[in-house]
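[1] Please find the sequence and the predicted model below.
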Amino acid sequence: MNHKKPNILLITSDQQHWNTIGAFNKELHTPNLDRLVREGTTFDRAYCPNPTCTPTRASIVTGMYPSQHGAWTLGTKLLEDRETVGELLSSGAGYKTALIGKAHFQPIGSTEQYSSLEGREKLHDFEFWKSFTGPYYGFERAEMLRNHTNEWLVGQHYALWMEEKGCKNWRDYFTPPIGTMDANEQFSWPIPEKYHYNTWIAERTNDLLEQYQQADDAFFLWASFPDPHPPYLVPEPWASMYEPKKLTIPSLIPGEHDSNPPHFGKTQEPEPDFSDYKETGFGIHGYHSHVKLTEEEHKKSVAVYYGMISFMDKYIGSILDKLEELGLKEDTIVIFTTDHGHFFGHHGLQAKGGFHYEDLIRVPFIVRYPGEVPAGKVSDSMQSLVDLAPTFLSYAGVTVPPTMTGVNQTQVWKDPQSKARDHIICEFHHEPNTIHQKTYVDSRYKITVYYNQTYGELFDLEEDPGELRNLWHEERYKELKLELLMKYIWAELGKEPMPMPRVSHA
């Protein structure tokens, strides 16, 4: 089968650190991601536009930055009137479009003005989910889940599937109020693997691949895994796959926050005072340090996080195997990435939040397209997840709308030595009185500015890849700081969408 337009299979994890693929980190076992590395090109300078879920996921489907599409933080909603890549592929090129797994374009809560299909009022309305499969943000078929591991947010299509598979006691594996499992249980999740959402996502993805192959349909299919996002829980044998004492465990380097903005150091205090950063959660989870974790808990958390990645890798392999079995491999662009990174001890931090360290904003990114994208290559050409939508459209022969401010990367994917962008912009803004920052990254330097503050961050990623020495206040870097600030300003101005083209002189 030779489509004039390639199929597009986007496989994503959730909150996966960029350096957690076995091909580049020998402490992990990921044979199927390693397969993609061998058969495609790995871009090791890929970034998210925001280090949290909803903003970046909305950027993936709109090709716009969070400050443009409006879903600027967790708890916000991507409005349904936003133009999406799925809609354009469907209407402009006849693609079948589907999302299986985590969507997270809408908040848990809802109001009369901003109702949420992914909100707590709907999650457990199983009669609704029996009949609803889309359309949803350009996906003509959407089968979803919202929970991470045993969270009470379990519901939607995933819960229905467990019922269909004969798991009538599925509530035993999830926390109250929907389930009965103790929320304090750690590390080993007793849910049988055959009922785990990894199994469900791979099964449903493979079923759709068969349908598309039989109908000879071009497709854009997003397989969206919720792991390895915490809580750190995974079934055996994956929970015991890695020995904590054999792993390299990230930790705080003494003194590294001495020249950083004040909230960095606060994270390392046993009972920090974040009253200056009021509202909810001081800017999301990353402000809670690991200082209250015992060393044993910290090491075991890392081991289970790795186990979650290896478990997910098994089911990514199932999808890749199905592509080959159906004869679709040669005609399908496969992209593997995640929505943002993760702290598991780096800089003394856990989870995510208002920090733009590479650990949080840099993401794993692999592209495989046999005969079009070189195999076995590693490229430092910059990629942003906001670039995915315009790149997909370009491959499909669909005109990229001027409202999409991501960069078309088709030429770079074909020739990884070329470059389509010389900088990255990353945003974070959680609440009116919490951290509000934006970061500009070029081939060597990174500068972060904070709204209405005189402090900031400046790192030389070539000389200091671990980002341990903030140069912001150092006098000899004053001219460099001004140069980077000007580059950042022009980059900000340059990402304004152009809604209408100019067609005449007057």
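    Received, thanks.
[2] Now do the spatially most central residue of the chain against Pro66, distance only.
    Geometric centre of the chain, nearest residue: Asp339, 0.6 Å, by C-alpha atoms, centre = their mean. According to C-beta to C-beta, to the nearest Å, Asp339 and Pro66 sit 12 Å apart. All C-beta atoms are positioned from the backbone trio N, CA, C, and that covers glycine.
[3] how about the strands in the stretch 201-350 of the chain?
    For the stretch 201-350 of the chain, applying DSSP state E, counting those that start in this stretch gives strands covering 219-224, 233-234, 332-338, 343-344, 350-351.
[4] Of the ones you listed, flag the one that's most buried.
    Stretch with highest mean neighbour count among the strands of the stretch 201-350 of the chain: strand 233-234 (a mean of 26; mean count of other C-beta atoms under 10 Å).
[5] sorry, back to before: is it possible to get CSV of the strands of the stretch 201-350 of the chain that adds distance to Met241 and mean pLDDT?
    Shown next, in CSV, are the strands of the stretch 201-350 of the chain (distance: least, C-beta to C-beta, whole Å; pLDDT from 0 to 100):
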stretch, distance to Met241, mean pLDDT
strand 219-224, 22, 98
strand 233-234, 9, 98
strand 332-338, 20, 98
strand 343-344, 16, 94
strand 350-351, 21, 90
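[6] what sits in contact with each of Asp339 and Pro66?
    Common neighbours of Asp339 and Pro66, using C-beta atoms under 8 Å, 6 or more residues apart in numbering, are Thr56.
[7] Can you get me the centre-to-centre distance for the worst-scoring helix or strand of the chain on mean pLDDT and its chain?
    The weakest-scoring helix or strand in the chain, judged by mean pLDDT, DSSP states H and E, is helix 262-266 (a mean of 86). Distance, stretch centre to chain centre, for helix 262-266: 26 Å (C-alpha atoms, centre = their mean, to the nearest Å).
[8] Next, the buried residues of that helix.
    If you call a residue buried by 16 or more other C-beta atoms under 10 Å, then helix 262-266 has these buried ones: 263-264, 266.
[9] Contact partners for Tyr114?
    For Tyr114, the contact set (C-beta under 8 Å, 6+ apart) comprises 77, 107.
[10] any idea how far it is from Phe105?
    From Tyr114 to Phe105 the distance is 12 Å (C-beta to C-beta).
[11] joint contacts of the two?
    Shared contacts of Tyr114 and Phe105, defined by C-beta under 8 Å, 6+ apart, comprise Lys77.
[12] circling back to that earlier point, wait, the residue nearest to the centre of the chain sits on Cys53?
    Yes: contact criterion C-beta atoms under 8 Å: Asp339 and Cys53 qualify, at 5.5 Å.
[13] Report the set of residues contacting both of the two.
    Between them, Asp339 and Cys53 share the contacting residues 14-15, judged by C-beta under 8 Å, 6+ apart.
[14] secondary structure element for Cys421?
    Not quite, residue 421 is Arg, not Cys. Per DSSP states H and E, Arg421 falls between elements, in no helix or strand.
[15] same thing with the one 4 residues further on?
    In this structure, Ile425 is located in strand 424-429 according to DSSP H and E.
[16] who does that strand touch, helix- and strand-wise?
    helix 66-69, strand 436-441, helix 478-494 (3 or more C-beta pairs under 8 Å, 6 or more residues apart in numbering; DSSP states H and E).
[17] What lies in contact with the first one?
    In other words, helix 66-69. Around helix 66-69, the neighbours that count as contacts under C-beta under 8 Å, 6+ apart are 49-50, 55-56, 58-59, 62, 72-73, 78, 82, 405, 427, 429, 495, 497.
[18] Show me which helix runs longest in the chain.
    In terms of residue count, the longest helix belonging to the chain (DSSP state H) is helix 295-325.
[19] Tell me what angle that one forms with strand 332-338.
    Per axes from the mean of the first three to the mean of the last three C-alpha atoms, to 10 degrees, the angle that helix 295-325 makes with strand 332-338 is 170 degrees.
[20] Now helix 295-325: buried residues?
    Applying 16+ other C-beta under 10 Å to helix 295-325 flags 298-320, 322-323 as buried.
[21] One more: stretch 421-438?
    Neighbour counts over stretch 421-438 (16+ other C-beta under 10 Å) mark 421, 423-431, 434-438 as buried.
[22] same thing with stretch 392-409?
    Neighbour-count burial for stretch 392-409 flags 392-396, 398, 400-401, 403-409 (criterion: 16+ other C-beta under 10 Å).
[23] Let's see which of those end up in strands.
    Applying DSSP state E to the buried residues of stretch 392-409, no entry is found in strands.
[24] which one of the residues you listed is nearest Gly371?
    Tyr395 (13.4 Å; C-beta to C-beta).
[25] and that closest one, how far is that from Thr42?
    Separation of Tyr395 from Thr42 (C-beta to C-beta) stands at 19 Å.
[26] Kindly report the same for Thr56.
    From Thr56 across to Thr42, the span is 20 Å (C-beta to C-beta).
[27] Pick out whichever of the two has more residues nearby.
    Ranked by neighbour count (other C-beta atoms under 10 Å), Thr56 and Thr42 place Thr56 first, with 28 against 23.
[28] Confirm that one sits in a helix?
    Yes: residue assignment for Thr56, taken from DSSP: H, G, I helix; E, B strand; the rest coil, places it within a helix.
[29] unless I'm mixing things up, it is touching Gly406, no?
    No: using C-beta under 8 Å, Thr56 makes no contact with Gly406, being 12.0 Å away.
[30] Look at the residue nearest to Thr337 when sequence neighbours are not counted and say how many residues are nearby.
    Counting by C-beta to C-beta, 6 or more residues apart in numbering, Phe365 is the residue found nearest to Thr337 once chain neighbours are left out, at 4.7 Å. Neighbour count of Phe365, defined by other C-beta under 10 Å: 22.
[31] can I assume Phe365 is in contact with Gly40?
    No: using C-beta under 8 Å, Phe365 is not in contact with Gly40, being 10.1 Å away.
[32] related to what we said a few turns ago, list the contacts of the strand holding Ile425.
    If you take C-beta under 8 Å, 6+ apart as the criterion, strand 424-429 is touched by 47-52, 55, 65-67, 72-73, 283, 353-354, 356, 361, 382, 384, 435-442, 451, 488, 491-492, 495.
[33] Figure out how far it is from the centre of its chain.
    14 Å.
[34] Can I get it in CSV, CA atoms only?
    This file holds the C-alpha atoms of strand 424-429, laid out as CSV (Å, rounded to 0.1, in the frame of the first residue of the first chain):
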residue,chain,number,x,y,z
ILE,A,424,13.0,27.6,21.8
ILE,A,425,10.4,29.5,23.8
CYS,A,426,8.9,27.9,26.9
GLU,A,427,6.2,29.5,29.1
PHE,A,428,4.9,28.9,32.6
HIS,A,429,2.1,30.8,34.4
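[35] quick one, phi psi at the residue nearest to Ala46 when sequence neighbours are not counted?
    Of all residues beyond its chain neighbours, the one nearest Ala46 is Phe365 (3.4 Å), with distances taken as C-beta to C-beta, 6+ apart. Dihedral pair for Phe365: phi -160, psi 110, per degrees, to the nearest 10.
[36] who touches Phe365 in this structure?
    With C-beta under 8 Å, 6+ apart, Phe365 has these contacts: 42-44, 46, 335-337, 383.
[37] So which elements touch the longest helix of the chain?
    If you count contacts as 3+ C-beta pairs under 8 Å, 6+ apart, helix 295-325 packs onto strand 7-13, helix 31-39, strand 187-188, helix 197-215, strand 233-234, strand 332-338, strand 343-344.
[38] closest one to Ile21 among those?
    Ranking the helices and strands packed on helix 295-325 by proximity to Ile21 (C-beta to C-beta) places helix 31-39 first, at 4.9 Å.
[39] which parts of that closest one are buried?
    Neighbour-count burial for helix 31-39 flags 32-37, 39 (criterion: 16+ other C-beta under 10 Å).
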